[in-house]
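>>> sequence first, then the predicted structure:
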Amino acid sequence: MKRIITYGTFDLLHYGHINLLRRAKALGDYLIVALSTDEFNWNEKHKKTYFTYEQRKQLLESIRYVDLVIPETNWEQKRTDMHEYHIDTFVMGDDWKGKFDFLNDEGVDVVYLPRTPEISTSQIKTDLNHSV
């Protein structure tokens, strides 16, 4: 069984997220999503999410491409996750290109998928703020 992992916040879930998850799942048999916790988003990424971790987790678990959702609590856990979950392929959007190449040293393939260009959570939030 080929195991894939991706990481993210997945707030305001949209079709760009679904595209990423669908393409990630197509690379293997079992897709794990490491979902950033509320604390990690606020303390490390300086992001405030609209939906809580539990709400975002429930949304992700309802998507047929996703087999398991685990918490992402810090930047360093990626290296240990590769071994703990027996990962074959690490997938991220291409806006992170090159940032996780060090995971090749852990014996996994690192793949950066093109983002869906016309959609982003940041853009949705900006558009909503300006529509009032």
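Nice, I can see it. Numbers count the residues shown, from 1 in each chain.
>>> contacts and neighbour counts: CA atoms only from here.
Noted.
>>> please tell me how far Phe10 sits from Arg64.
As defined by C-alpha to C-alpha, to the nearest Å, Phe10 lies at a distance of 15 Å from Arg64.
>>> okay, the two: which has more neighbours?
Set Phe10 next to Arg64 and count neighbours by other C-alpha atoms under 10 Å: Phe10 wins out with 22 against 12.
>>> and the more buried one, how far from Gly98?
With C-alpha to C-alpha as the criterion, Phe10 and Gly98 are 21 Å apart.
>>> Tyr50 touches Asp11, doesn't it?
Yes: between Tyr50 and Asp11 there is a contact under C-alpha atoms under 8 Å: 6.6 Å.
>>> looking at these two, which is more packed in?
Taking neighbours as other C-alpha under 10 Å, Tyr50 and Asp11 compare with Asp11 leading, 21 against 11.
>>> helix, strand or coil for the more buried one?
What DSSP: H, G, I helix; E, B strand; the rest coil gives for Asp11 is coil.
>>> now swap in Leu35 and tell me
In terms of secondary structure, Leu35 is strand; the call rests on three-state DSSP.
>>> that one reaches Asp11, doesn't it?
No: counting by C-alpha under 8 Å, Leu35 does not reach Asp11; the two are 9.8 Å apart.
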